[in-house]
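[1] curious how this folds, go ahead:
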Amino acid sequence: MTNATMRRLFISLVAIPPILFPCIAHAIPAFAAQTGEPCSACHIGFPQLTPYGRDFKLEGYIAGGMFPSWKNIAIMSQTGYTQLHDKIAGGLKPGYKSNDAWAAAQQSSVYYGGAIDAKLGLGAFIQVTYDNVAKSWHWDNTDIRLAEPGTLFNKPLFYGFTFNNAPTVTDLWNSTPDWGYPFIHSYLAPSPVASPQVYQLAQEVYGFGAYAALNVTPEDMVYAEADLYKSLPNQMSYALGVGPATQDDGVIPYARLAFQRTWNSYSFELGGYGLIDNPYPEGVVSGATNHITDLEVDTQFQWIEPQQAFSLQASLIHESQDWNASYAQGLTSNRNDHLNDLTVTASELIHQTYGITESYNEIDGNPDDNLYPPGPISGNLDGKPDSRSWTTELDYYLFNKGGPAWLPWLNAKFFVEDTIYPTFNGGPNNYDGANRSAGANDTVFSGVWVAF
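    Okay, here's the model as predicted:
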């Protein structure tokens, strides 16, 4: 079978009605506009992908399009109200009250999503964001793909190449960091100070990679990806709104392997990734480096029916930290540390309108007094990175089945999130050395997420 015939076959599959394959990709109306489908045909509440949504992304964002048009431009805005259990003297952030504060349009984004040249298999997801809390623009999630169909061992294969700016931004599942839970959070509320390196690299790097998905059976797919990332040069990082970017020695390799089985209304994924980074200490661009390795395992289960959808995701990241450079400068107390990050999320969407999500996050690692020093609100009195949280979210999707006639791709999500911290930055009580308890950071965050 020739490449041209294979391409016609894949494009024809895209046209199959969504009642057979609930479809498309990330939650931006540009994809709905390109394909002509309502949001309910594209994802399980946004931005969770369905099996067909993963295919749409895998195949280069080109389904239903040929070249760029005005329909490929979308706008998103998030507005939220933050209420902490206890106020923060001086304000939640500069210019905001000490509690009970609105962040109007806390994040607003402009997207390009869809085909650039479908005949070449070239498509993109490009996001530029204005942070109204920090009062700054920055480049955001970017994934430009060149994808091709083929065969391997007489089995259907889709392979491609990607330019992107964050490890896991290319991922097809919502079980890895870039597209994992929380999908929206308060920019005003405190958050745990410790997090794996994969989060720190987002938008501070650029990289090229290759990926392939082999359908070993009609139900079973094996996915593999490898990318190499470089730190943005400092001047460029400032120009793109993310400076100063952490500088690294050499390239940052990232590799991903996953297995997916799809049958009837169900899909199951099991996979993992690895990442190796050699960053310089902050403010240094030569000499000795640190050595950080992230190893992750994740899984996702989905059950999708016309009037009901259930998702379960879990991810465990283990990070090994060799502070060869930082220890010599007195920036860490230990030569070696470790960090674990566990997230488990279950969500239900009913009648494509009402959603409920429950998520648990646990961060733990060994104490390091210099790495996690004491200090009001964001400090760690005992030098421990440990934090635990439970989040319950309720959602109402106003236009998930299709927007009004004058703007059919309009969608809006009204949400309420309640996050409880049994442990924050190392302890339940006086965790920061300034007599603040973990429960003082319990947060109710509510608002609206609009996209059109």
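
[2] under the pLDDT cut-off, which ranges of the chain? List them.
    Filtered on pLDDT under 70, the chain yields the residue ranges 1-43.

[3] for it, what spans make up the helices?
    3-14, 29-35, 51-58, 197-201, 234-239, 324-328 (DSSP state H).

[4] give the buried residues for the last one.
    Translated: helix 324-328. Residues 325-327 are the ones in helix 324-328 that count as buried (16 or more other Cβ atoms under 10 Å). All C-beta spots, glycine's among them, are computed from the backbone N, C-alpha and C.

[5] in a markdown table: these, plus distance to Pro244.
    Shown next, in a markdown table, are the buried residues of helix 324-328 (distance: Cβ to Cβ, whole Å):
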| residue | distance to Pro244 |
| --- | --- |
| Ala325 | 17 |
| Ser326 | 17 |
| Tyr327 | 22 |
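
[6] ok, so of the residues you listed, who is nearest Tyr266?
    Of all the buried residues of helix 324-328, the one with the least separation from Tyr266 (Cβ to Cβ) is Ser326, at 46.1 Å.

[7] mind listing what that closest one touches?
    281, 290, 332, 371 (Cβ atoms under 8 Å, 6 or more residues apart in numbering).

[8] and the second one, how many neighbours?
    Residues near Asn290, counting by other Cβ atoms under 10 Å, number 21.

[9] list the contacts for it?
    Asn290 touches 278-281, 321-326, counting by Cβ under 8 Å, 6+ apart.

[10] the first one now?
    Contacts of Pro281 were listed using Cβ under 8 Å, 6+ apart, and they are 290, 325-326, 329, 331.

[11] that one and Ala451, how far apart?
    With the distance defined as Cβ to Cβ, to the nearest Å, Pro281 ends up 40 Å from Ala451.

[12] and if you look at the second one?
    Here the distance between Asn290 and Ala451 works out to 39 Å (Cβ to Cβ).

[13] what do you get for the last one?
    Taken as Cβ to Cβ, the spacing of Leu371 relative to Ala451 amounts to 39 Å.

[14] and for Ile292?
    Ile292 is 35 Å from Ala451, by Cβ to Cβ.

[15] repeat that for Lys93.
    Noted for Lys93: a distance of 25 Å to Ala451, by Cβ to Cβ.

[16] same check on Asp341?
    Distance, Asp341 to Ala451, using Cβ to Cβ: 29 Å.

[17] could you do Pro244 as well?
    From Pro244 to Ala451 the distance is 31 Å (Cβ to Cβ).

[18] and those two? Which one has more around it.
    For Pro244 versus Ala451, neighbours defined as other Cβ under 10 Å are more numerous around Ala451 (25 against 13).

[19] surely that one meets Pro47?
    No: using Cβ atoms under 8 Å, Ala451 makes no contact with Pro47, being 9.8 Å away.

[20] show me what contacts Phe259?
    Phe259 is in contact with 220-223, 269-271, counting by Cβ under 8 Å, 6+ apart.

[21] try 7 Å
    222, 269-271 (Cβ atoms under 7 Å, 6 or more residues apart in numbering).

[22] cool, Asn174 as well?
    Asn174 makes contacts with 48-49, 180, 300, 313, as judged by Cβ under 7 Å, 6+ apart.

[23] quick one: buried ones out of those residues?
    Among those, the ones that count as buried by 16+ other Cβ under 10 Å are 48-49, 180, 300, 313.

[24] and of those, the nearest to Lys87?
    Lys87 has its nearest neighbour among the buried ones among the contacts of Asn174 in Gly180, at 30.0 Å by Cβ to Cβ.

[25] ok, now how distant is that closest one from Ile44?
    For Gly180, the distance to Ile44 (Cβ to Cβ) stands at 14 Å.

[26] and Trp390, bridged to which residues?
    In this structure, Trp390 bridges to Tyr360, Ile420 when assessed by DSSP bridges.

[27] can you show me the strands along the stretch 151-300 of the chain?
    With strands called from DSSP state E, counting those that start in this stretch, the stretch 151-300 of the chain shows them at 155-164, 205-215, 220-231, 252-263, 266-277, 291-305.

[28] likewise for the stretch 1-150 of the chain?
    Using DSSP E, counting those that start in this stretch, the strands of the stretch 1-150 of the chain run over 43-44, 48-49, 73-84, 101-117, 122-131, 136-152.

[29] and of those, who's closest to Asn215?
    Of all these, strand 136-152 sits nearest to Asn215, with 9.6 Å by Cβ to Cβ.

[30] which other residues reach that closest one?
    If you take Cβ under 7 Å, 6+ apart as the criterion, strand 136-152 is touched by 1, 3, 6-7, 10, 59-61, 109, 120-131, 157-166, 169-170, 178, 203, 214, 240-242.

[31] next, the angle from that strand to strand 122-131.
    160 degrees (axes from the mean of the first three to the mean of the last three Cα atoms, to 10 degrees).

[32] so what strands line up beside strand 136-152?
    By DSSP bridges, strand 136-152 pairs with strand 122-131 (antiparallel), strand 155-164 (antiparallel).

[33] and the last one, which residues are buried?
    What it means is strand 155-164. Buried-residue list, strand 155-164, by 16+ other Cβ under 10 Å: 156-164.
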